[in-house]
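Undergrad: Need a 3D model of the sequence below.
(one chain, ligands or ions: 1)
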Amino acid sequence: MDIALKMASKQDCDLLFDWANDKAVRENSFSSHKILYEDHIKWFNDKINSNKCFVFILKFKGNSAGLVRIDVEDKKAIISYSIDKNYRGRGLSKVMLDLLETEVVNNKISINNLIGLVKFENVASQKVFESLKYNKIICNEFLEYEKYLE
Ligand SMILES: CC(C)(COP(=O)(O)OP(=O)(O)OC[C@H]1O[C@@H](n2cnc3c(N)ncnc32)[C@H](O)[C@@H]1OP(=O)(O)O)[C@@H](O)C(=O)NCCC(=O)NCCS
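TA: Purely as a prediction, here's the structure:
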């Protein structure tokens, strides 16, 4: 399969803005309000310049098909991810999250575990983490999926 992750660059700002305001992305985020462009630019620049945040674009057959970001704190990496609506339904998240682990190693990102926080109604994301053998913890307001890296 012609599929790989590439580190996001400043040129990806508008693409990420479009993806951020995708209906399903907003519904499945913990703050579901619409994102304003000027707020996005500030947020994007903060993220892309931070040494605690790593943003990757999924390239599938030469096209930008998805996004995975990790925010690192105390050796734990919180995952945020989405697949472009035109590329959903093909299992690309599973491949993307597998590739993320390779990028963690290749970029010498010093973390002990990967964590995904998932809303109860987001069944697709629950299936993704479960198929990748993340451990599930049922919290009051969401599900926490956790994987220890060797
Ligand atoms: C979550 C998301 C990335 C998954 O995209 P994807 O990789 O194309 O996922 P798929 O459509 O291949 O679905 C993954 C699994 O969930 C199942 N699934 C998909 N939608 C479903 C639904 N509404 N109800 C139940 N199962 C569903 C699929 O059948 C598949 O199951 P399988 O592995 O047993 O075949 C995508 O839906 C998305 O971008 N959503 C908005 C952002 C988001 O929710 N991000 C995650 C936040 S934690």
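Undergrad: Burial check on Asp84, number of neighbours?
TA: 19 (other Cβ atoms under 10 Å). From N, CA and C alone the C-beta is placed, and that goes for glycine too.
Undergrad: Next one, pLDDT for it please.
TA: With respect to pLDDT, Asp84 has a value of 98.
Undergrad: Give me the secondary structure label for Arg26.
TA: For Arg26, the assignment made with DSSP: H, G, I helix; E, B strand; the rest coil gives helix.
Undergrad: Which positions in the chain make contact with the ligand?
TA: Counting by Cβ under 6 Å from any ligand atom, the chain comes close to the ligand at 24-25, 28, 81-83, 88-93, 116, 118, 122-125, 127-128, 131.
Undergrad: ok, which stretches of this structure are helices?
TA: Under the criterion DSSP state H, the chain carries helices at the ranges 13-20, 23-27, 37-49, 92-106, 123-131.
Undergrad: mind putting these in TSV, mean neighbour count included?
TA: What follows is the helices of the chain, written out as TSV (neighbours: other Cβ atoms under 10 Å):
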stretch	mean neighbour count
helix 13-20	16
helix 23-27	13
helix 37-49	13
helix 92-106	16
helix 123-131	16
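Undergrad: I'd like these as CSV, with mean pLDDT appended.
TA: Rendered in CSV, the data for those read as follows (pLDDT from 0 to 100):
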stretch, mean pLDDT
helix 13-20, 98
helix 23-27, 97
helix 37-49, 97
helix 92-106, 98
helix 123-131, 98
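Undergrad: I'd like to know which of these is closest to Asn140.
TA: Closest approach to Asn140 among the helices of the chain (Cβ to Cβ): helix 123-131, 16.3 Å.
Undergrad: how big is the angle separating the closest one from helix 92-106?
TA: In this structure, helix 123-131 runs at an angle of 50 degrees to helix 92-106, with axes from the mean of the first three to the mean of the last three Cα atoms, to 10 degrees as the basis.
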